[in-house]
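*Asks:* Attaching a predicted model along with its sequence, questions to come.
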Amino acid sequence: MPRVPRASDRHCRTGEAAADNGDVVDLSCAFHRSWFIGRLVAAIERKISLVAVIPFPKRKVSKAIAKEELALLEAAYPHAVTALSYRNPFELLVAVILSAQCTDARVNLTTPALFAAFPTAKALANARAIDVERLIQSCGFFRTKAKNIVAAARALVEAHEGRVPETREELEALPGVGRKTASVVLSVAFGAAAFAVDTHVFRVAHRLGFTTGTTPLAVERDVTGLLPESKWRFAHHWLILHGRAICKAQRPLCDRCPVRQLCPSASIVAKTRAGRENSGAAGAEVRRRVRSISKASKE
Ligand code: SF4
């Protein structure tokens, strides 16, 4: 990918809108327009290849098979716990809000300085958003997250004496806290029966045939229906760890997977891979389509 063109570039005929930090490009300029179209084409190509990668199974497996698969995952990840570092429910709540669209490792690098500066809900409630932004800027969407964690801290101080509430209803009433964040806090901080669905859980649950649900809530209902309540909070970690280590989004490592004998996606993955390897013609077709989009956009 070429670097972002700048106002000072000679190719730019107008040089008006391309800021020197490269944030803004002038689409009335031929050079910037072709740069922008290049990015658009790359994004479309990425999208096409991702969508075409590995389809989910169309049907659920039987309950008996699903339970066997879960038992194998439980055996494979017997000590599964959250990868987020925290010392109390307040720190966990903040860390989970920060972890949206960001890796746990990145959050763990960010939170020590944040909690050193603002160790309690009261301290964070009185913080200026700009100071919080500076401390969390390596996490994605840091402006929104800064706003949310300060607002959540204020709500904790105003409605809960600075403590993190222990009910889903109260948690979901906090700014920046949705069902997934509430489920993680309930299950990890308070040991409650809750099953959080993130991107890894969503993918692995589909690949293993636990669900065909199209929403996190539907997936949650299908998976929790397969397990006793006492295991919900652990199952979340089995699926996350499996998704991160083995059942990766684009390149699942089926040959190292403890569940492959039962998994309905193992054959789909193999077929998709074989198809991809023999798909010189299909790949060329995709590239031809993308080139024609590019050409049409230039005209
Ligand atoms: S066999 Fe492959 S697709 Fe199925 S769970 Fe294992 S890694 Fe994922």
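*Replies:* Nice, I can see it. None of these values were measured; they are calculated from a predicted model.

*Asks:* residues in contact with the single nearest residue of the stretch 101-250 of the chain relative to the ligand?
*Replies:* Residue nearest to the ligand within the stretch 101-250 of the chain: Cys247 (3.2 Å; C-beta to the nearest ligand atom). Every residue, glycine included, has its C-beta placed from N, CA and C. Taking C-beta atoms under 8 Å, 6 or more residues apart in numbering, we find Cys247 in contact with 203-204, 207, 253, 257.

*Asks:* So among those, which ones count as buried?
*Replies:* If you count burial by 16 or more other C-beta atoms under 10 Å, the buried members of those come out as 203-204, 207, 257.

*Asks:* can I see the domain layout of the protein?
*Replies:* 1-51, 56-78+194-299, 82-192 (automatic domain parsing).

*Asks:* Return the distance of Ala196 relative to Ser62.
*Replies:* 25 Å (C-beta to C-beta, to the nearest Å).

*Asks:* So those two - more neighbours on which side?
*Replies:* Ala196 (26 against 10; other C-beta atoms under 10 Å).

*Asks:* The contacts of Cys247: which ones sit near the ligand?
*Replies:* When contact is defined as C-beta under 6 Å from any ligand atom, the contacts of Cys247 meet the ligand at 207, 253, 257.

*Asks:* hang on, the earlier thing: I'd like the domains of the chain written out as JSON lines, with mean pLDDT added.
*Replies:* Shown next, in JSON lines, are the domains of the chain (pLDDT from 0 to 100):
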{"stretch": "domain 1-51", "mean pLDDT": "50"}
{"stretch": "domain 56-78+194-299", "mean pLDDT": "90"}
{"stretch": "domain 82-192", "mean pLDDT": "97"}
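
*Asks:* tell me the most buried of the ones you listed?
*Replies:* Among these, domain 82-192 has the highest mean neighbour count (mean count of other C-beta atoms under 10 Å), at a mean of 18.

*Asks:* For the helix or strand where Ser183 lies, which outside residues touch it?
*Replies:* Using DSSP states H and E, Ser183 maps to helix 179-184. With C-beta under 8 Å, 6+ apart as the test, helix 179-184 has contacts from 82, 92-93, 96-97, 100, 168, 171-172, 194-198, 216-217, 220, 236.

*Asks:* and the very next helix or strand once past it, how far from the chain's centre?
*Replies:* Counting by DSSP H and E, the next helix or strand C-terminal to helix 179-184 is helix 190. Centroid separation between helix 190 and its chain, computed with C-alpha atoms, centre = their mean, to the nearest Å, is 23 Å.

*Asks:* Redo the ones next to the ligand among the contacts of Cys247 as CSV? Include distance to Arg154 and secondary structure.
*Replies:* What follows is the ones next to the ligand among the contacts of Cys247, written out as CSV (distance: C-beta to C-beta, whole Å; DSSP: H, G, I helix; E, B strand; the rest coil):
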residue, distance to Arg154, secondary structure
Arg207, 41, helix
Leu253, 45, coil
Cys257, 45, coil
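
*Asks:* For the protein, just list every one of the strands.
*Replies:* Along the chain, counting by DSSP state E, no stretch forms strands.

*Asks:* Spell out which parts of it neighbour the ligand.
*Replies:* Proximity of the chain to the ligand, by C-beta under 6 Å from any ligand atom, involves residues 207-208, 246-247, 252-254, 257, 259-260, 263, 265-266, 269.

*Asks:* farthest-separated two in those residues?
*Replies:* Farthest-apart pair in the residues of the chain next to the ligand is Leu208 and Leu253; separation 14.5 Å (C-beta to C-beta).

*Asks:* Who are the contact partners of Glu277?
*Replies:* Not one residue lies near Glu277 by C-beta under 8 Å, 6+ apart.

*Asks:* With adjacent residues omitted, what lies nearest to Val197?
*Replies:* Pro216 (3.9 Å; C-beta to C-beta, 6 or more residues apart in numbering).
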